[in-house]
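give the three-dimensional model of this entry:
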Amino acid sequence: MHTIKTALLSYGMSGSVFHAPFIDLHPGFELTGSWERSKKLIQKDYPTVASYPSFESILNDASIELVIVNTPTGTHYNFTKKVLEAGKHAVVEKAFTITAAEAIELEALAKERNLKLAVFQNRRWDSDFKTVKKIVKSGVLGEIVEVTFSYEAYLPKLNTKAHLEEPSPAAGLIRDRGPHMIDQALSLFGYPRALFADLAIVRTNSQVNDYFELILYYEDKRVRLKGGFLAREMAPSYIVHGKEGSFLKSRADKQEDRLLAGEKPNTDNWCEEPESEWGILHAERDGKAFRERVPSERGNYLDFFEGVYQAIVNNQIEPVTAAEGVQTMKLIEAAIESADTGCVVKL
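Numbers count the residues shown, from 1 in each chain. From the prediction side, this is the model:
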């Protein structure tokens, strides 16, 4: 088996929780280390890897084939461009870039250099979304007409990470949680014909948008995406209505919680949802209405990294392509334009 030597550009929460455990577990990757500017933490968890003193030390290491660009969003474009120019494949955290133009340029550069470029939209591999996708694709709901995806929490206090709260082109909830929800909608329903958006600041002392609602217009359906930090009591996170039935599901994937608790994703039951979080399907079978609980699919971010491995080694399509990242960035830009003008934006 070909082993892909892989380096991280950061070992904060993103590196230690969402990337390193899966790279370390997958037999096709070798975690070589992480660039660490001040705190030297990676060797506490992985004693045999390196703590790189600089970005250049990663770029100049010819043995490294893949670089995970998991730094703040505002740095993604510059770092990813240099990674690709150094002849290395890249996985880029969401949000892919700040602008669609930057995303388009990176996509073109990767194609020009015959390199793989994937966007880390890991929420496609959450148990809850995988369950929703299975139900929609099964056809049991009939023609889909109305969809609501929400990603809400009760977090009234400002985040201690300054780059998430200080006004900048990379800040705001539409660029933090928005990419997750937009990517899920695009992967399930495709690109819409138009969009309307409402962005707002609702938390005390907040300086960046911390509430959003998007309506994606399709010829045969409407898809509503909502995000906010002041939902103490939450409605179902996924509501899908079709002409023959409805499906309601909570956002209940447990991978992040278990990873934050220090668990490794190497168990046979990674990562099952409790029965209490199973979705509700209300539809018809043989002409008779029924209402039942649906067992949740098993979430696993390792599937994303398997997709990256197959892309690099066997020239398969990336699990989330740069072209899909471009579409997400176009919708974010359209959402900001719509909120500024109060108008529907045609796409």
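
distance between the ends of stretch 266-274?
End-to-end distance of stretch 266-274: 19 Å, with C-alpha to C-alpha, to the nearest Å as the criterion.

buried residues in that stretch?
Applying a neighbour-count criterion of 16 or more other C-beta atoms under 10 Å, the buried positions in stretch 266-274 are 270-273. No exception for glycine: its C-beta is placed from N, CA and C like everyone else's.

how's this structure carved up into domains?
Here the chain is described, according to automatic domain parsing, as comprising the domains 4-122+303-317, 124-299+331-346.

just how off-centre is the longest one within its chain?
Relative to the mean C-alpha coordinate of its chain, domain 124-299+331-346 is positioned 11 Å out (C-alpha atoms, centre = their mean, to the nearest Å).

measure that domain end to end?
With C-alpha to C-alpha as the measure, domain 124-299+331-346 spans 26 Å from end to end.

mean pLDDT and distance to residue 324 for the domains of the chain - can I get that in CSV?
Shown next, in CSV, are these (pLDDT from 0 to 100; distance: least, C-beta to C-beta, whole Å):
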stretch, mean pLDDT, distance to residue 324
domain 4-122+303-317, 97, 7
domain 124-299+331-346, 95, 7
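
for residue 44, which residues are in contact?
Counting by C-beta atoms under 8 Å, 6 or more residues apart in numbering, residue 44 touches no other residue.

just the CA trace of the strand or helix carrying it, in PDB.
When elements are assigned from DSSP states H and E, residue 44 belongs to helix 42-45. Once side chains and other backbone atoms are set aside, the C-alpha atoms of helix 42-45 remain, and they are given as PDB (Å, rounded to 0.1, in the frame of the first residue of the first chain):
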ATOM      1  CA  ILE A  42       1.500  17.500  18.700                       C
ATOM      2  CA  GLN A  43       4.400  15.400  20.100                       C
ATOM      3  CA  LYS A  44       2.500  14.900  23.300                       C
ATOM      4  CA  ASP A  45      -0.200  13.000  21.400                       C
END
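
in the stretch 101-250 of the chain, which spans are helices?
When secondary structure is read from DSSP state H, counting those that start in this stretch, the stretch 101-250 of the chain shows helices at 127-138, 162-165, 173-176, 178-189.

mind listing what's buried in the first one?
By neighbour count, and taking 16+ other C-beta under 10 Å as the criterion, the buried residues in helix 127-138 are 127-133, 135-136.

residue 84: which of those residues is nearest?
The nearest member of the buried residues of helix 127-138 to residue 84, counting by C-beta to C-beta, is residue 129 at 29.2 Å.

returning to what we had before: and residue 7, which of the helices of the stretch 101-250 of the chain is closest to it?
Of all the helices of the stretch 101-250 of the chain, the one in closest proximity to residue 7, counting by C-beta to C-beta, is helix 162-165 (21.8 Å).

which stretch among the domains of the chain comes nearest residue 325?
Shortest separation from residue 325 across the domains of the chain is recorded for domain 4-122+303-317, at 3.8 Å, computed as C-beta to C-beta.

host element of residue 311?
Using DSSP H and E, the element containing residue 311 is helix 302-314.

returning to what we had before: which one among the buried residues of stretch 266-274 gets closest to residue 242?
Nearest to residue 242 out of the buried residues of stretch 266-274 is residue 273 (C-beta to C-beta; 22.9 Å).

hang on, isn't that closest one packed against residue 251?
No - using C-beta atoms under 8 Å, residue 273 is not in contact with residue 251, being 10.4 Å away.

pull up the overlap in contacts between these two.
Here residue 273 and residue 251 have residue 128 as joint contacts, going by C-beta under 8 Å, 6+ apart.

re the thing from before, pick the most buried one from the domains of the chain.
Mean neighbour count (mean count of other C-beta atoms under 10 Å) peaks for domain 4-122+303-317 among the domains of the chain, with a mean of 19.

measure it end to end?
For domain 4-122+303-317, the first and last residues are 17 Å from each other (C-alpha to C-alpha).

for stretch 49-58, same thing?
13 Å.

show me what it is in contact with.
For stretch 49-58, contacts defined as C-beta under 8 Å, 6+ apart pick out 7, 9, 31-36, 40, 42-43, 64, 67, 79, 82.

just the ones in strands from those residues, please.
Residues of the contacts of stretch 49-58 located in strands (DSSP state E): 7, 31-35, 67.

check the residues you listed and tell me the two furthest apart.
For the ones in strands among the contacts of stretch 49-58, the farthest-apart pair by C-beta to C-beta is 31 and 35; their separation is 13.0 Å.

and for these two, which residues touch both?
With contacts taken as C-beta under 8 Å, 6+ apart, residue 31 and residue 35 have 7-8 as neighbours in common.
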